[in-house]
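[1] Kindly generate the corresponding structure for this input.
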Amino acid sequence: MFAPRTAPIVQWSATNNSAIVLDPSSRQPIAQTSASDGSGHGFTASAPSIIWVAFSFVIGVPLAIAGVRGHLLTTGITIGLAFTVSSWAAFINSLSAPGIADLTLTLIVLGFFLVGFVLGAFPFARIVAITALGILGGFAIGVRVAIVKTNLLFSSTYFANWLVTAAFAAAGAVLVTWKQRAGILLGCASVGSFFTGLGVDLIINDQDGMSRGLRMLFDRNDAHILDFLQHGYHPPTSTQIIIAASIGLIPLLAYAQHRVFVRPFGRAQAESTVYEDEPLATLPVAPALGEKPGPPRASGRFSTMRRQFVSRFSL
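    I've put the predicted structure just below:
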């Protein structure tokens, strides 16, 4: 999907302003269809559109404001989204004309999300999910950068758009490996702001905004080439504002989560943590039989036999 390919041959007819797409090897016509890719048409009158708007907000808002607190919920969402993106890209690039109905494709892709969510919600998937969250966080930034301009960031060199996206994804992977909490915070904020922005954009611009840009970036199906050649991708000004705002909010959302949710990512670690500024109570210790009373023993709200002292302002 991302590698250079032999472009199909497009023959235009000046008489009736139509075109025919030919396979470059066999010179046989390639049937064309709309590149809707499961997005639907319109908002209020299209079931797939309504489903995608609801999905975007249900996933985006919790991740943006409290993703670091979600633990298994967040890991489940992360693996589910990885399944969703992979399955959607595979379907839209492999289906020939006339394809399948938008609603059917939407339900299939969301079925993949459900499978990934269930797998990611198990503790054994924690490490994989945290790494995937870092990658998806960077990926979400790279995708927005790529679709901010008319006909993508690099309109004449398609592969360059994916180099930019891959670079951001790699940076996210490095960050979450090097500084796990910072990577989780920024990953949650990035993915959350992306889907929240997508939901807002779908309501305002239907399928002509970020939705069209995503299809322009991901879709390399020869059956859709005529659609993209004729209509291209022209993001409205409101879409560009939403993209810029959603990227700008990432550090603010990440820092807000860091200050509000001070416990480490995961319940097991939180139970054995004592923060440096946590006041310690003194509890009397009952002496053993025949033993003299000893001094009070310090005991914190989160203290256990084995304490780990952590600053609540550290990453």
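[2] which stretches of the stretch 51-200 of the chain aren't confidently modelled?
    The model of the stretch 51-200 of the chain has no residue with pLDDT under 70.
[3] what about 90?
    Applying pLDDT under 90 to the stretch 51-200 of the chain flags the ranges 70-71, 94-102, 155-157.
[4] how about Val21, secondary structure?
    Here Val21 is recorded as strand under DSSP: H, G, I helix; E, B strand; the rest coil.
[5] right, and it touches Ile225 too?
    Yes: between Val21 and Ile225 there is a contact under C-beta atoms under 8 Å: 5.8 Å. The way it works is simple: take the backbone N, C-alpha and C, and place the C-beta from them, glycine included.
[6] Contact partners for Val191?
    By C-beta atoms under 8 Å, 6 or more residues apart in numbering, Val191 lies in contact with 59-60, 63, 67, 78, 81, 133, 136-137, 140.
[7] which one among those residues gets closest to Gly192?
    Ranked by distance to Gly192 (C-beta to C-beta), these are led by Leu63 at 3.2 Å.
[8] Count the residues that sit near that closest one.
    When counting by other C-beta atoms under 10 Å, one arrives at 30 neighbours for Leu63.
[9] what do you get for Arg27?
    8.
[10] Likewise for Ala171?
    Counted with other C-beta under 10 Å, the neighbours of Ala171 add up to 19.
[11] Which helix or which strand is home to it?
    Following DSSP states H and E, one finds Ala171 within helix 158-178.
[12] Could you list the buried residues of whichever helix or strand comes after that helix?
    The first helix or strand that comes after helix 158-178 along the chain, using DSSP H and E, is helix 180-205. Within helix 180-205, the residues scored as buried using 16 or more other C-beta atoms under 10 Å are 180, 183-202, 204-205.
[13] And the helices in the stretch 201-315 of the chain, which stretches?
    In the stretch 201-315 of the chain, the helices defined using DSSP state H, counting those that start in this stretch lie at 210-218, 225-231, 237-260, 267-270.
[14] okay, those helices, which one's buried deepest?
    Neighbour counts (mean count of other C-beta atoms under 10 Å) averaged over each of the helices of the stretch 201-315 of the chain peak at helix 210-218, with a mean of 23.
[15] count of residues packed around the nearest residue to Phe139 once chain neighbours are set aside?
    Distances taken as C-beta to C-beta, 6 or more residues apart in numbering put Ala169 closest to Phe139, at 4.2 Å, once the chain neighbours are dropped. For Ala169, the count of nearby residues is 21 (other C-beta under 10 Å).
[16] residues touching Ala169, list them.
    Ala169 is in contact with 135-136, 138-139, 142, counting by C-beta under 8 Å, 6+ apart.
[17] Quickly name whichever of the residues you listed is closest to Asn93.
    Closest approach to Asn93 among those (C-beta to C-beta): Phe139, at 17.4 Å.
[18] And the closest one, which helix or strand is it part of?
    Going by DSSP H and E, Phe139 is part of helix 126-146.
[19] Mind listing what's buried along that helix?
    Neighbour counts over helix 126-146 (16+ other C-beta under 10 Å) mark 126, 129-146 as buried.
[20] before we move on, back to that, name the nearest of the contacts of Val191 relative to Asn221.
    Set against Asn221, the nearest of these by C-beta to C-beta is Leu81 (22.0 Å).
[21] My understanding was that the closest one contacts Phe113; is that so?
    Yes: using C-beta under 8 Å, Leu81 is in contact with Phe113, at 7.0 Å.
[22] When the two are compared, which one has more neighbours?
    The residue with more neighbours, out of Leu81 and Phe113, is Leu81; 25 against 22, by other C-beta under 10 Å.
[23] what's the closest residue to that one other than its chain neighbours in contact with, if anything?
    For Leu81, ignoring the flanking residues on the chain, the nearest one in space by C-beta to C-beta, 6+ apart is Leu136 at 6.1 Å. For Leu136, the contacting residues are 78, 81-82, 169, 172, 187, 190-191, by C-beta under 8 Å, 6+ apart.
[24] what secondary structure does His41 sit in?
    coil.
[25] In CSV, list the contacts of Ala169 along with distance to Gln230.
    Shown next, in CSV, are the contacts of Ala169 (distance: C-beta to C-beta, whole Å):
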residue, distance to Gln230
Ile135, 34
Leu136, 32
Gly138, 33
Phe139, 29
Gly142, 27
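[26] Which single one of the residues you listed is nearest to Val118?
    Nearest member of the contacts of Ala169 to Val118, counting by C-beta to C-beta, is Leu136, at 17.9 Å.
[27] Could you list which residues are in contact with Pro48?
    Residues in contact with Pro48 (C-beta under 8 Å, 6+ apart) are 38-40, 102-103, 105-106.
[28] of those residues, buried ones?
    38-40, 102, 105-106.
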